[in-house]
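> Give me the fold of what follows.
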Amino acid sequence: MNAKVYDPSEERFDDYLDSVYGPVNVCGYTYVAFQVLKEVDPTAYDADYSEYCTDNQVYICGECGEEYDNEDDAEDCCQPEEMDDEEDYDEEDYDEDEDE
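Numbers count the residues shown, from 1 in each chain. You can find the predicted model right below:
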């Protein structure tokens, strides 16, 4: 296996929460969404982060480090392309009787 799988960072999850829920107002004070959830209900935060990781794993090519959303694309990265048996075959390039 060439690809490596990683869970998204907690920072990426925090950015996701903030983009979905926006600023949270509490008693006239404004907070970022991830901060409120993490402080008020750390169990819910951890459960949501775990689910987010399952749904958003990142696959990285072991050769070049390129990130992909699925394992197959990461596996195919940096692999030589397979040639069709008949494609790109030129008999002149493979003349066995050639004088050297």
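> Could I get the buried residue list for the biggest helix by length in the chain?
The helix that spans the most residues within the chain, counting by DSSP state H, is helix 42-55. With burial defined by 16 or more other C-beta atoms under 10 Å, the residues of helix 42-55 counted as buried are 45, 48-49, 52-53. Every residue, glycine included, has its C-beta placed from N, CA and C.
> before we move on, what about stretch 68-84?
68, 74-75, 77.
> Redo the residues you listed as CSV? Include secondary structure and distance to Val24.
Output for the buried residues of stretch 68-84, formatted as CSV (DSSP: H, G, I helix; E, B strand; the rest coil; distance: C-beta to C-beta, whole Å):
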residue, secondary structure, distance to Val24
Tyr68, strand, 33
Ala74, helix, 36
Glu75, helix, 41
Cys77, coil, 40
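> Let me know the closest of those residues to Tyr59.
Among these, Ala74 lies closest to Tyr59 (C-beta to C-beta), at 3.7 Å.
> now the buried residues of stretch 68-84 in a markdown table, with distance to Arg12?
Below are these laid out as a markdown table (distance: C-beta to C-beta, whole Å):
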| residue | distance to Arg12 |
| --- | --- |
| Tyr68 | 15 |
| Ala74 | 18 |
| Glu75 | 23 |
| Cys77 | 21 |
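> measure stretch 6-15 end to end?
Counting by C-alpha to C-alpha, to the nearest Å, you get 17 Å between the two ends of stretch 6-15.
> Next, the contact list for the nearest residue to Glu75 once chain neighbours are set aside, please.
Distances taken as C-beta to C-beta, 6 or more residues apart in numbering place Ala3 nearest to Glu75, at 4.9 Å, with adjacent residues excluded. Going by C-beta atoms under 8 Å, 6 or more residues apart in numbering, Ala3 touches 59-62, 68, 71, 74-75, 77.
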